[in-house]
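Undergrad: The following comprises the amino acid sequence and a computationally predicted model.
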Amino acid sequence: MTALIRCCFVALIVLVLASQTIRADRDREASNPTAAVVERLGKLGVQTTRTPSGDILVGRSPRCEHPIAVTLLTTSGAEDEAKRKVSGADVVVKSVYLGSVGESPSRTMMMGRWVWATFLFDIGLRADKPSNHLVMLALPRSCAGLTAIDWSVLSP
Amino acid sequence: MPQPSVAAKSAFRDRNRLGAGEARIWALVIVAVAYWANIVRGANTDGGLTLASVINCIVDNGAFDVFAWILIFARASTALGDEKASLRQIASIVVAGAVALVPARLASALALVVLGSTLLADPRLPVALRQVRLLLFALALETLWMSPLVAPLHVLVGGLDARAAAALLRAAGQTATYHANIVDNAGADFRIAVWPYCTSSFPLADVSLAFLAMVLYRGGTWRRSHLRWLALSFAASVLLTEVRLAFLAASAESYHWWHFGPGVTVYALAALGAAVAFPILATSEPVRAERRTIARPAA
């Protein structure tokens, strides 16, 4: 009986290492988030170029003659500063994070979504690792057609 | 046919029963493997896992984490005893092990808490062993503190740090302002963003682990009077971070020196010095009190 218990303990150690190895492989599958956003914008008919500084993508949609500013941010305090950068009277700022689209998502809401998505990922019920990036869009106020687009598909 | 002696029978029986001390060691090994495997997995994202990269991950994670684990095993192995492991103890090991199976750092933190609050909470255990659970809790707190769950708090503190760094720069005669987590040093035409892992709150869990590990290492037991030294240790860490942020925001050259140059070592040494000095002062306090008692009659 004691030998069996000791074998169970060794098996637990092996299983811990195995679960970590599987998780490491799944983590590595996460692709470059900027490339993924550019690809998804392409599917929405928005062609992008990078600004000279490189931190903001400029999108062109056939539905609007004005450019759309797209920024990929980490959810670590950079949102306020980025929003300040792209805000203006002639634009509507929207943030897209894990399937939700809002004008000013609360940190609590984002955290709640991240916790739930991470929990699902950890127990294997979600395929892709939840990103800690959010997409911030500055949509020209004059282009009403843009608001009809389902921006949630940009969700990292 | 010769019969086995009583001593041989006893030795055989000892080998074939799981002692409570051995069970504790097994439990700690399982949880330690999960703890370090999570750290190595998280740090080693490029996939090239070698012995050197594993050692680097462990060392980079923090000397006090390694120190705390050494202390945990050292104390656990000194109190093996000859008591048989109970079914309840084995069950708590299985529960902690099952939690540790989830490949997430928070799961390993939860496993540490489970272990600390079940296997090492027995009042019959020696105080030295029971206090090991404080180290387990401190390691769990450190894991939680650095997880994205607590990031909103660090973001909030980042704003306060930006304010403090700007105030320090203004006190030094520079023209500095702040907004959100940005310190804008207009005089030097330079600005920095205070990210969550640069905030003054971020290292506090590390500081508490270092404090506790040092107190227990010096043979002491945790006492309530140590709390004020821990608070001083926190204050020193916060002050050190604010000064570093002010230096970082002073100019581009200063930023480079403090962020990539020799300043990294200077800051690390200063932080290490503070982390070690306060627990030493805390544990030498009774000695000084004794000295005063001795000195008084002589005077």
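TA: In hand now; what should we look at? From a predicted model like this one, the values you see are computed outputs, not experimental measurements. Numbers count the residues shown, from 1 in each chain, chains lettered A, B, ... in the order given.
Undergrad: Please count neighbours and contacts with C-alpha atoms only from this point.
TA: Noted.
Undergrad: Residue for residue, what is the longest helix chain A has?
TA: For chain A, the helix with the greatest residue count under DSSP state H is helix A:2-28.
Undergrad: Does that one reach chain B?
TA: Yes. Applying CA under 8 Å from any CA of the partner chain, one finds helix A:2-28 touching chain B at A:2-3, A:9, A:12-13, A:15-17, A:19-21, A:23-24, A:27-28.
Undergrad: Let me know the next secondary structure element after that helix.
TA: Following helix A:2-28 in sequence order, the next helix or strand is helix A:33-43 (DSSP states H and E).
Undergrad: The closest residue to residue B:43 other than its chain neighbours - how many residues pack around it?
TA: Of all residues not flanking residue B:43 in the chain, residue B:57 sits nearest, at 6.3 Å (CA to CA, 6 or more residues apart in numbering or on different chains). By the criterion of other CA atoms under 10 Å in any protein chain shown, residue B:57 has 19 neighbours.
Undergrad: tell me the pLDDT at the residue of chain A found nearest chain B?
TA: Closest contact between chain A and chain B, by CA to the nearest CA, is at residue A:16 (4.9 Å). What the model reports as pLDDT for residue A:16 is 90.
Undergrad: Count the neighbours of the residue lying closest to it once chain neighbours are set aside for me.
TA: Leaving aside its sequence neighbours, residue A:16 sits nearest to residue B:101 (CA to CA, 6+ apart; 4.9 Å). Using other CA under 10 Å, residue B:101 has 24 neighbouring residues.
Undergrad: Hmm, residue A:15 and residue B:103 touching each other?
TA: No. Residue B:103 is beyond contact range of residue A:15, at 10.3 Å (criterion: CA atoms under 8 Å).
Undergrad: Which of those two has more residues huddled nearby?
TA: Taking other CA under 10 Å, residue B:103 and residue A:15 do not tie; residue B:103 has more neighbours (25 against 18).
Undergrad: secondary structure element for residue A:69?
TA: Per DSSP H and E: strand A:68-74 holds residue A:69.
Undergrad: Please name every helix or strand in contact with that strand.
TA: strand A:56-60, helix A:78-86, strand A:133-140 (3 or more CA pairs under 8 Å, 6 or more residues apart in numbering or on different chains; DSSP states H and E).
Undergrad: Now the longest one: average pLDDT?
TA: The average pLDDT for helix A:78-86 rounds to 67.
Undergrad: right, is the helix or strand following it up against chain B?
TA: Next along the chain after helix A:78-86, taking DSSP H and E as the criterion, comes strand A:91-97. No. Legend: contact between strand A:91-97 and chain B by CA under 8 Å from any CA is lacking; minimum distance shown is 15.2 Å.
Undergrad: Listing partners with orientation, what would you give for the very next helix or strand once past strand A:91-97?
TA: Using DSSP H and E, the next helix or strand after strand A:91-97 towards the C-terminus is strand A:100-102. Strand pairing for strand A:100-102, determined by DSSP bridges: strand A:91-97 (antiparallel).
Undergrad: got the phi/psi numbers for the closest residue to chain A within chain B?
TA: Residue of chain B nearest chain A, by CA to the nearest CA: residue B:101 (4.9 Å). When quoted as degrees, to the nearest 10, the phi and psi of residue B:101 stand at phi -70, psi -30.
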